[in-house]
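K.L.:
Need coordinates for the following:
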Amino acid sequence: MSDIEPYESVREDWQRALAVVAHPDDLEFGSAAAVARWTAQGKEIVYCLVTSGEAGIDGMAPDETRVVREAEQRASAGVVGVSAVEFLGLPDGIIEYGVPLRRELTRVVRRHRPDIVITNNFRETWDGAEALNQADHMATGRATLDAVRDAGNRWIFPELGLEPWGGVRQVWAAGSPAGRHAVDISGTFDRGIESLQAHEAYLRGLGEGAFDPEEFLEGVGRAAGTRLGTRYAASFEVFTINLF
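P.N.:
The predicted model follows:
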């Protein structure tokens with residue numbers, strides 16, 4: 001008998017979501033197929049990229065990389081039905097958790113007023129053991145979680161001049177080793193692959209034959225699907241928001 005805990009399904013009784021991640025391609029490494037499912041249901045999703053990923057391609061100068069990766073992210077988002085893509089322009093590779101980042105993300109939450117906020121795994125590892133996470137991911141995810149609560153408190157960052165928004169029900173961290181929830185992506189799995197493949201320059205920069213998007217996503221999707229009872233799934237760690 002298996003001792004692996006089954007996943008619960010995430011809630012889908014919402015209309016607007018905001019996805020906040022550190023880099024172009026972060027959403028495509030597992031969440032894009034879920035986004036495609038939700039946009040097909042008529043849900044509205046906005047992407048917010050904290051950086052433009054300009055330090056992500058070793059053989060390309062940052063100023064050139066920034067332009068290329070922003071264009072690839074917009075194309076990738078379009079594959080899964082997302083047209084609203086914003087870049088905050090913070091420096092890639094050296095994002096710092098703290099009040100300035102919380103303030104910027106609070107601004108984004110108050111502007112878009114989402115029901116659900118999606119970010120990436122911000123635990124120290126990807127597997128709960130040895131596969132180390134990256135510093136930008138950890139800083140961004142933690143700040144996103146805090147900014148959602150900040151956004152609902154009118155006495156935090158009043159200088160932004162925006163009405164508070166306490167309507168975020170949950171924050172979902174994709175790919176967390178502490179995840180206990182998931183969504184069925186069997187019907188949109190191919191669109192998730194296509195969305196990742198749109199990051200052509202980035203993937204090419206990893207080296208010829210170094211990475212197979214389809215193979216990677218299939219491995220992750222099948223593992224999550226087994227725990228959800230579907231062919232493929234995308235997993236999330238779910239945080240329910242209490243403002244005070």
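K.L.:
out of everything not next to it in sequence, what's closest to residue 76?
P.N.:
In space, and not counting its chain neighbours, residue 76 is closest to residue 198: 3.8 Å by C-beta to C-beta, 6 or more residues apart in numbering. Any C-beta I mention is one placed from the backbone N, CA and C, and that applies to glycine too.
K.L.:
what bridges to residue 44?
P.N.:
For residue 44, the beta-bridge partners are residue 16 (DSSP bridges).
K.L.:
cool, and the one 4 residues further on?
P.N.:
In this structure, residue 48 bridges to residue 20, residue 86 when assessed by DSSP bridges.
K.L.:
that older thread, residue 72 versus the residue nearest to residue 76, what's the distance?
P.N.:
For residue 198, the distance to residue 72 (C-beta to C-beta, to the nearest Å) stands at 6 Å.
K.L.:
what does residue 185 give?
P.N.:
21 Å.
K.L.:
Who has more neighbours out of these two?
P.N.:
residue 185 (28 against 20; other C-beta atoms under 10 Å).
K.L.:
what residues are up against the more buried one?
P.N.:
33, 34, 36, 37, 192, 221, 225, 230, 232, 233, 234 (C-beta atoms under 8 Å, 6 or more residues apart in numbering).
K.L.:
show me where the protein has helices.
P.N.:
Ranges of helices within the chain are 32-40, 62-79, 99-112, 135-151, 189-197, 200-205, 213-228, based on DSSP state H.
K.L.:
Comparing the ones you listed, which yields the minimum mean pLDDT?
P.N.:
For those, mean pLDDT drops lowest on helix 200-205, to a mean of 93.
K.L.:
contacts for it?
P.N.:
Against helix 200-205 from outside (C-beta under 8 Å, 6+ apart): 24-25, 53, 56-60, 65, 68-69, 72, 196-197, 211, 213.
K.L.:
so residue 222 makes contact with residue 231?
P.N.:
Yes. With contact defined as C-beta atoms under 8 Å, residue 222 and residue 231 form a contacting pair (7.4 Å).
K.L.:
what about the nearest residue to residue 220 once chain neighbours are set aside, how many neighbours?
P.N.:
In this structure, residue 220 finds its nearest non-sequential neighbour in residue 30, 5.6 Å apart by C-beta to C-beta, 6+ apart. Look at residue 30: counted by other C-beta under 10 Å, it has 24 neighbours.
K.L.:
likewise residue 84?
P.N.:
Neighbours around residue 84, by other C-beta under 10 Å: 13.
K.L.:
From what I see, it and residue 49 are in contact.
P.N.:
No. If you go by C-beta under 8 Å, residue 84 and residue 49 don't touch, sitting 11.6 Å apart.
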